[in-house]
Structures are given as structure tokens and as C-alpha cells.
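> Provided below for reference: sequence and predicted model.
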Amino acid sequence: MSREIFEQRHEPQWKALDVSLSRLEMGRGDRGGVPDDLPELYRQVCHHLALVRHRHYGADLELRLNRLVLRGHQQLYHHSAVDSAGVFAFIRSGFPRLVRREKRLVGLSTLLFGVPLLLMTLLVPRHPEIAFSIMTPASVEQMGQQFSPGGSLEAGRPVDSDILMFGFYIRNNIGIAFRTFAGGILGGVGSIFFLVYNGLAIGAVTGYVRQMGFGPQFFPFAIGHGAFELTAIVLAGAAGLRLGLALLAPGALSRGRALLLAGRTAIRILYGAAGMLVAAAFLEAFWSPMPQPAATKYGIGAILWLAVFTYLTLAGRPDGP
Amino acid sequence: MLDTYRPVETPEGVEIGLRVAGPVPRLYAAVLDLGLRFIVYILLGIAAGTLGRGGVGLFFVGLFLVEWFYPVVFEVKRGGATPGKRQMGLLVLQRDGTPVGWSASVIRNLVRFADLLPAAYGFGLGTMLVDRDFRRLGDLAAGTVVVHREPVTPGARVPAAAPLRPPVALTLDEQRAVIDFAERLGTWPPARAAELAALLAPLTGVTHPQDPEGVQRLVGMANWLLGRR
């Protein structure tokens, strides 16, 4: 068959595919989904491209069909759908299962974050100068002062300030979690740095608050959202360590392949951690500053800690293979 | 052109060509996006400013979303390219040529933070220069590549001439060699071009190494092979 006859015979199909694809690319196909005839048309044009190559019909025709196939490939193998059932299953069982599967990294991350935090909490009241070795005196004082008797917290604050703080916590805390995760790709070094640094910083403020005797204001404030916030930072760290470990110890896989697989696991842990941080920001902005008696605060806080712990250890059991 | 060409086989068994993009066009795209983000920040700030203290909180939320997810939304929902990338004719794809999904896009854009370290995309640029597909750390973790939107147009730079049918049927490699010769014609002195063309005496019928007629015939054949008949 000569090129001219080939072109004449198949031109209508190429036109039809072009029109269908243009419509999908403009985003107007969203409601109707992929037209019924698209997969068939696309496969025919794939076949034509192979023929054009085999018969050397010419580079221009090959280019034109190659472009059509590339566009069809883009539309047919699109996988961006997020279904609500998948999200629900992830919260109910997928996320806690994932955390349990990575329990060794979660444990390591807990130590990297928790040990510096405890150390600073215990040491700073006796040696206050240590706190200033990682934070400026002004910022320690500023963070501590809001918990002083009669400080901004005890005075109560209007709702618009709560919204302001909510936005601040979202940006600041989830940003910390994302950085802790991303740093993991540097062989885990970045995650370790952010875990230890944040442990030290939070411990320094806690220690300062104890030393000044602001504990009765601080601990009822912090216990509630801490359940979500501290756990989420540890989990984001574990996700980052998973990336780093893939580079350091890829096992039987190539480093590139190991990193790709680790990325898929790690990002799911991070989704869960980010969700927990949104919950933490709500609590920290709207619940934690409420002027409830300390006993209520401690009670609710204990329930929240227990809930997070139970959720991560028990939800979704028995674990799949 | 060959060293950035990545053939990918589709499930239908045909090969499509991707052309990976290097650091320079990607840098231009990043600068354009930076400018656009800056404008969005200003607009957000103006809108939030009308809402008082609560507005500042919403401003922070908006800032957070734009900081981390501006590229994600465009890459997944708007055909694989942020406005800056679109302007530069770039596109983010999975390594197998399929469009990026949510998770891949989120990974590559969160890990961007590590690419930016220690300063000005230091690690990202270092990785791009080592990797043969110019992937930064985020691309490696997500399994994505940045490619040029338009595939190479073979023969676009072939000078126009009266098409001439080759006297024998040429294989694909031979056709490509003839087209490549015509494309690169401007880069040699005429004497050298004539000398090279003389190597193809069986095809052109011109044996004398100083005769420019051989060059003309090859350009004519290149035009014929490109379908300009």
C-alpha cells in the first residue's frame, strides 16, 4: 500500500482521535469520562504508528502519529483519582497497619526525638544556661511568658486570635513535619537533625517553664494537643528515615528502585502524620487555651493520649500479610 | 539530541519518545513560578487584610498551601506542568511516560526542600548533573522525569530543496543518516560537505570530491524522505 492510500484510508480515525483528545485535554471530558470509542481508536492509531515505522512512510507522518499516541497514552493511563472509600479505609486500618509495619523505625524516631526532649526538660531547671545554647534567651522567654500566671493564656483570648493561632500552627507544625520527612533523603541525616533539634527545643521550653514555676499553666495547656503533635512529628521522622534507609541499605534492590518503593511507603505515613497535625492544630488553637479546670484538661489529655496509642497499636488488626 | 532521547514502550507495544529536560530550562521555569507565587502571596495578603486577626490565620493557612502544594495541584490537575513549566514547554511525567499521580507529585514537591539545601538548589543541581535523566532528589524518590513537551522534530532544520527520490530503497538508519547530514550542513565548510557527500557516490552518482552537486542531491533526498513531495 502506498503512503497516499494509507493516509487517505486512516485520516478520519486520526482526526477523530485528535478531536476526542482535545476535548479531554480541555477538561470538558471530566463529567462524561473517557468516550467509549477512545481506547479502540487509540489502539488502532498505535497500530498505524507501528506500520508507518515498519514501512518507512516518512518521518513527518511518524512524528504526527507519535504525537497522537503520546497524547492518548497520557489520557488513558491517567491515575489521579482519589476515592473517599480509599481515604476511609486508610484511616480505619491502612495507616495504623503501616505504622506497625515500620515499628522499628518508629521506635528509633521516638528515641531520637524523645531522649533530647526529656534530657532538656530535666536538665534546664538545674542549669538554665543550657536552654540558651540552642535558643536565644528572648525566644525562650517569649514562649515561656505566655504561661506565666496572668499571662496571655490565663487572661483568655478572643476567637479571632484562636483562628490566627490555628493558621500559625498549621503552617509551622506541618512545615516542620514536611522538612523532617524531606531531610530523610540525605541518607537520613536531615530527619535525624530535625528530630533531635525539635526535641531539644521543645525540651528547653518545657524545662524553662518548670524552672519558672509556670508548670500549672503549661502542662494542662500542652497535654491535649501534644498527643497528636508529638506523635505526628515522630511519625514524620520515621517516614524520612525510611527514605534514608533505602539509600543506605537498599538490600537486593538497586538504590533507585529501593528509594522509589520506600517513597511510596513513606508518603503514606506522612499523609497520616499530616492529618494528625491538622487535628493537633485544631486542639491547640481552640481547646488547649480554654479556661477549664486543670483536672478536666488532664483528664481529656490522658484520654487523647490513650486514644492515639490505642489507635496506632490496635486499629486494623489482624495485620494483613 | 540523541543523548536526551528516552524511548518508552507503551502497553500497546509501540515506542514513544521522551526528551528529558536539563537544569537550565527548569531553572527558568522555577524563577517564573517563584514570581507567580509572590503575586499570589500579595493577593492572599490583601484578601486576608480585610478580615482582621482571623484573616491573618487564614493567610497562614493559604501561605502553607501555596508553599508546599502549588506545584502539586498544577502537575496533577493541569496536565503535568506549573505555569512556569508550561511557559518553558516542560512537563512532569512518570518515568514510564504516564502522567504523575497525587502521591508521586506530593513526594517530588516535598523532597524539593532537601534539593534546595545547602543553598540555591545545591543538592538538587548536584544530583541532576550526575543522573543521566537530569533527575533531582525529589524526582528520584517519586520516579518522575521532567521532559520537553514537544518531541524532537526530525528534519526541521533541513534546508528546503526540490525533493529527489533515492535510487534505491534505504533502511531506517540510512534514511536517518541522510537527514542528519542535511540538518548539519550549515556547520561545515562547503568543501568538507562535498568531501563527505562524495563518500556516498553510489547513492548520488557524483564521484568527484569537490563537486557540490553531490551535496545538492543528498539535500533533495532528505527532503523527499521527510515527505516534502
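Now that the structure is in, tell me what you want to look at. Residues are numbered from 1 along each chain as shown, chains lettered A, B, ... in the order given.
> show me what from the stretch 101-250 of chain A comes close to chain B.
By the rule Cβ under 8 Å from any Cβ of the partner chain, the part of the stretch 101-250 of chain A lying against chain B is A:158-168, A:170-171, A:174-175, A:178-179, A:181-186, A:190, A:243. For the C-beta atoms, the positions are set from N, CA and C on the backbone; glycine is no exception.
> are any of the residues you listed buried, and which?
For these, a burial check counting by 16 or more other Cβ atoms under 10 Å in any protein chain shown picks out A:161-168, A:170-171, A:174-175, A:178-179, A:181-186, A:190, A:243.
> out of the residues you listed, which sit inside helices?
Within those, residues falling in helices by DSSP state H are A:161-168, A:175, A:178-179, A:181-182, A:190, A:243.
> next, give me the two most distant ones among the residues you listed.
Maximum pairwise distance among those (Cβ to Cβ): 37.6 Å, between A:161 and A:243.
> quick one: pLDDT of the nearest residue to residue A:207 once chain neighbours are set aside?
The shortest distance from residue A:207 to any non-neighbouring residue, by Cβ to Cβ, 6 or more residues apart in numbering or on different chains, is to residue A:124 (2.5 Å). On pLDDT, residue A:124 comes in at 83.
> ok, residue A:124 to residue A:210 distance?
Using Cβ to Cβ, to the nearest Å, one gets 7 Å for the distance from residue A:124 to residue A:210.
> of these two, who's got more company?
Taking neighbours as other Cβ atoms under 10 Å in any protein chain shown, residue A:124 and residue A:210 compare with residue A:124 leading, 23 against 17.
> residue contacts, the more buried one?
A:130-131, A:203-204, A:206-208, A:210-211 (Cβ atoms under 8 Å, 6 or more residues apart in numbering or on different chains).
> which stretches of the chain aren't confidently modelled?
I went with chain A, as the question did not name one. A:27-34, A:59, A:79-82, A:144, A:149-160, A:320-321 (pLDDT under 70).
> actually, chain B is the one I wanted.
Checking chain B against pLDDT under 70 turns up B:1-2, B:151-156, B:228-229.
> quick one, helices of it?
Under DSSP H, chain B gives helices at B:23-49, B:52-77, B:83-87, B:102-110, B:112-116, B:122-130, B:137-142, B:172-183, B:190-198, B:201-204, B:213-225.
> just the stretch 151-300 of chain A next, same as before
A:159-169, A:175-182, A:189-211, A:215-248, A:255-282, A:294-314 (DSSP state H, counting those that start in this stretch).
> quick one: closest of the ones you listed to residue B:79.
helix A:255-282 (22.0 Å).
> got the angle between the closest one and helix A:294-314?
150 degrees (axes from the mean of the first three to the mean of the last three Cα atoms, to 10 degrees).
> run the chain-centre distance for helix A:255-282.
Taking the mean of its C-alpha atoms, helix A:255-282 sits 4 Å from the chain's own mean (Cα atoms, centre = their mean, to the nearest Å).
> tell me which residues of stretch A:55-70 come out buried.
A:56-59, A:61-70.
> keep only the residues you listed that also lie close to chain B.
Within the buried residues of stretch A:55-70, those near chain B by Cβ under 8 Å from any Cβ are A:56-59, A:61, A:63, A:66-67, A:69-70.
> list the residues that contact the closest residue to chain B within chain A.
In chain A, no residue comes nearer to chain B than residue A:167, which is 3.1 Å away by Cβ to the nearest Cβ. With contacts defined as Cβ under 8 Å, 6+ apart, the neighbours of residue A:167 are B:56-61, B:64.
> now the strands for the stretch 1-150 of chain A?
With DSSP state E, counting those that start in this stretch as the definition, the stretch 1-150 of chain A shows no strands.
> can you pull out the helices in it?
A:3-25, A:29-32, A:38-55, A:59-76, A:84-89, A:95-101, A:103-123, A:131-134, A:137-145.
> of all the ones you listed, which one comes closest to residue B:128?
Residue B:128 sits nearest to helix A:59-76 of all the helices of the stretch 1-150 of chain A, at 23.7 Å, using Cβ to Cβ.
> which residues does stretch A:201-221 contact?
By Cβ under 8 Å, 6+ apart, stretch A:201-221 touches A:116-125, A:128, A:130-131, A:134-135, A:140-141, A:143-144, A:147-149, A:151, A:153-154, A:222, A:230, A:288-289, A:292, A:294, A:297-298, A:301.
> which strand residues bridge the most centrally placed residue in chain B?
Closest residue to the average C-alpha location of chain B: residue B:148 at 2.2 Å, with Cα atoms, centre = their mean. For residue B:148, the beta-bridge partners are residue B:90 (DSSP bridges).
> any idea how far it is from residue B:186?
When residue B:148 is compared with residue B:186 (using Cβ to Cβ), they lie 23 Å apart.
> equivalent analysis for residue A:302, please.
79 Å.
> who's more crowded, these two?
Per other Cβ under 10 Å, whichever of residue A:302 and residue B:186 has more neighbours is residue A:302, with 13 against 9.
> list the residues that contact the more buried one.
residue A:223.
> circling back: which one, of the helices of the stretch 1-150 of chain A, ends up nearest to residue A:275?
Using Cβ to Cβ, the helices of the stretch 1-150 of chain A put helix A:95-101 closest to residue A:275, at 8.1 Å.
> tell me what the closest one is packed against?
helix A:255-282, helix A:294-314 (3 or more Cβ pairs under 8 Å, 6 or more residues apart in numbering or on different chains; DSSP states H and E).
> can I get those helices in CSV with distance to residue A:234?
Shown next, in CSV, are the helices and strands packed on helix A:95-101 (distance: least, Cβ to Cβ, whole Å):
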stretch, distance to residue A:234
helix A:255-282, 8
helix A:294-314, 10
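> any residues touching stretch B:62-73, and which ones?
So stretch B:62-73 is contacted by A:167, A:170-171, A:174-175, A:178, B:33, B:37, B:40-41, B:44, B:48, B:82, B:102, B:105-106, B:109-110, B:112 (Cβ under 8 Å, 6+ apart).
> ditto for stretch A:98-111
A:191, A:195, A:234-235, A:237-238, A:241-242, A:245, A:265, A:268-269, A:272, A:312-313, A:319.
> convert the C-alpha atoms of that stretch to PDB, please.
This file holds the C-alpha atoms of stretch A:98-111, laid out as PDB (Å, rounded to 0.1, in the frame of the first residue of the first chain):
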ATOM      1  CA  LEU A  98       1.600   0.800  58.100                       C
ATOM      2  CA  VAL A  99       2.900   2.400  61.300                       C
ATOM      3  CA  ARG A 100       3.100  -1.100  62.900                       C
ATOM      4  CA  ARG A 101       4.900  -2.500  59.900                       C
ATOM      5  CA  GLU A 102       7.600   0.200  60.300                       C
ATOM      6  CA  LYS A 103       7.700  -0.100  64.100                       C
ATOM      7  CA  ARG A 104      11.400  -0.300  64.300                       C
ATOM      8  CA  LEU A 105      11.900   3.000  62.500                       C
ATOM      9  CA  VAL A 106       9.100   4.500  64.600                       C
ATOM     10  CA  GLY A 107      10.900   3.300  67.700                       C
ATOM     11  CA  LEU A 108      14.200   4.800  66.500                       C
ATOM     12  CA  SER A 109      12.500   8.000  65.600                       C
ATOM     13  CA  THR A 110      10.800   8.100  69.100                       C
ATOM     14  CA  LEU A 111      14.200   7.800  70.800                       C
END
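> please state the offset of that stretch from the chain centre?
With Cα atoms, centre = their mean, you get 16 Å for stretch A:98-111.
> could you report the neighbour count for the closest residue to residue A:39 other than its chain neighbours?
For residue A:39, ignoring the flanking residues on the chain, the nearest one in space by Cβ to Cβ, 6+ apart is residue A:76 at 6.4 Å. The local packing of residue A:76 (other Cβ under 10 Å) involves 19 other residues.
> so residue A:76 touches residue A:38, yeah?
Yes - judged on Cβ atoms under 8 Å, residue A:76 makes contact with residue A:38 at a distance of 7.2 Å.
> related to what we said a few turns ago, for residue A:307, find the nearest of the helices of the stretch 1-150 of chain A.
helix A:95-101 (12.0 Å).
> now do the buried residues in that closest one.
Within helix A:95-101, the residues scored as buried using 16+ other Cβ under 10 Å are A:95-100.
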